[in-house]
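>>> Pasting the sequence and the predicted coordinates here, then a few questions.
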Amino acid sequence: MARRKSKAKARSRSRKSAFNLTNAAQTLIVANGVSMAMFRTDLPTFLGLAQNFQGGYNAGNNSNELTAKELFSGLTGMGSDGINHGKDGKQWAGGIPQVLKSNLKAQIPLLLTVTVGVPIAFKFGKKLLAKPIINPLNRTLKMAGVKGVKV
């Protein structure tokens, strides 16, 4: 028997995936928690975007709080003043590894909660607030002209 002519399959177009606010919020919460556990500062303070150090008015950076700038200067041996302060940095007894070790030892429950508990809570929350509640919100965003965002 002769082979039948078949229609060529239509090529599917790949769509750019929408920005998911829920996943972004989860990522920020986890990153902030890891920053709090390892460096004893919140994420904006660690990145140098804010100066929310623990303590009262005029509180400075204590020996357990690390920022990205301090890590970089401690690892390179160059302080913010451009002077070589040695490979252990200028203010930490035992160097940066000792500070990280003591921070992790003290904050292990926070680290476990953030890295294990938060993703589980978000997964449970996504299932709990599944399609019947989120679809109208996504439709409203779409009608408002916000195309690249999805909740």
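Okay, I see it.

>>> switch to C-alpha atoms for all contacts and neighbour counts from now on
Noted.

>>> can you give me the strands in the protein?
Ranges of strands in the chain, per DSSP state E, are 19-20, 149-150.

>>> What distance do you get for T27 to N20?
Applying C-alpha to C-alpha, to the nearest Å, the value for T27 to N20 is 11 Å.

>>> typed the wrong thing, it's Q98
Distance, Q98 to N20, using C-alpha to C-alpha: 38 Å.

>>> what's the closest non-adjacent residue to F39?
Excluding the flanking residues, the one nearest F39 by C-alpha to C-alpha, 6 or more residues apart in numbering is L66, at 4.9 Å.

>>> what's the residue nearest the centre of the chain in contact with, if anything?
Among the residues of the chain, the one closest to the centroid is A31, at 2.8 Å (C-alpha atoms, centre = their mean). Going by C-alpha atoms under 8 Å, 6 or more residues apart in numbering, A31 touches L43.

>>> since we're on the residue nearest to F39, how many residues are nearby?
Neighbour count for L66, taken as other C-alpha atoms under 10 Å: 24.

>>> can you check G33 too?
Neighbourhood size, G33 [other C-alpha under 10 Å]: 24.

>>> measure the closest residue to it other than its chain neighbours to I108 for me?
Nearest residue to G33, sequence neighbours excluded (C-alpha to C-alpha, 6+ apart): V114, at 5.7 Å. Separation of V114 from I108 (C-alpha to C-alpha): 10 Å.

>>> Between those two, which has more neighbouring residues?
V114 (20 against 14).

>>> Isn't the more buried one up against V30?
Yes: using C-alpha atoms under 8 Å, V114 makes contact with V30 at a distance of 5.5 Å.

>>> All set now, cheers.
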